[in-house]
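>>> Here is my input, please return the structure:
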Amino acid sequence: QVPLVASGGGSVQAGGSLRLSCAASTYTLCSYGSSWYRQAPGKDREFVSTILGDGTTSAADSVKGRFTISQDNDQNTVYLQMNSLKPEDTAMYYCLVKRQLGYSCLAIWGQGTQVTVSS
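Next up is the predicted model:
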């Protein structure tokens, strides 16, 4: 059983929506610190959005107002709702979750899921 599975990617036209999921099957997530990153071909991996310690969220300027990160602690799953997608959102998307280990949180990268937006 894969401990961290990312899903929900696919191909959509500009203006469409996708919801990415990142599910931890064998451990509990800390309630904050989960994030999404993305990497387009030939570019560095870049920050997309994160859940802060007070429960609020932060997002890159390029996705503000279009992408929303959330976490279901009962399901140990992190989501990224992506609306009004643009061709420049095309990338491999990666989740970064915080695994609860006693009083600590250990960062773990999930596998990527491809998002392709056509004009």
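
>>> For Arg66, the count of nearby residues, please.
Neighbour count for Arg66, taken as other Cβ atoms under 10 Å: 15. Using the backbone N, CA and C atoms, a C-beta is placed for each residue, glycine as well.

>>> How far off centre is the lengthiest strand in the chain?
Determined from DSSP state E, the single longest strand within the chain is strand 91-101. Centroid displacement of strand 91-101 relative to its chain, using Cα atoms, centre = their mean, to the nearest Å, is 7 Å.

>>> I'd like to know which elements it is packed against.
strand 4-7, strand 18-24, strand 35-39, strand 77-82, strand 104-109, strand 113-118 (3 or more Cβ pairs under 8 Å, 6 or more residues apart in numbering; DSSP states H and E).

>>> and it, C-alpha only, in PDB?
In PDB, the C-alpha atoms belonging to strand 91-101 read as follows (Å, rounded to 0.1, in the frame of the first residue of the first chain):
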ATOM      1  CA  ALA A  91       2.800  21.400 -14.700                       C
ATOM      2  CA  MET A  92       3.400  18.400 -12.600                       C
ATOM      3  CA  TYR A  93       1.800  19.100  -9.200                       C
ATOM      4  CA  TYR A  94       3.300  17.700  -6.000                       C
ATOM      5  CA  CYS A  95       1.900  17.700  -2.400                       C
ATOM      6  CA  LEU A  96       4.100  18.200   0.600                       C
ATOM      7  CA  VAL A  97       2.400  16.900   3.800                       C
ATOM      8  CA  LYS A  98       3.500  16.900   7.400                       C
ATOM      9  CA  ARG A  99       3.300  13.500   9.000                       C
ATOM     10  CA  GLN A 100       2.500  13.500  12.700                       C
ATOM     11  CA  LEU A 101       5.200  11.800  14.800                       C
END
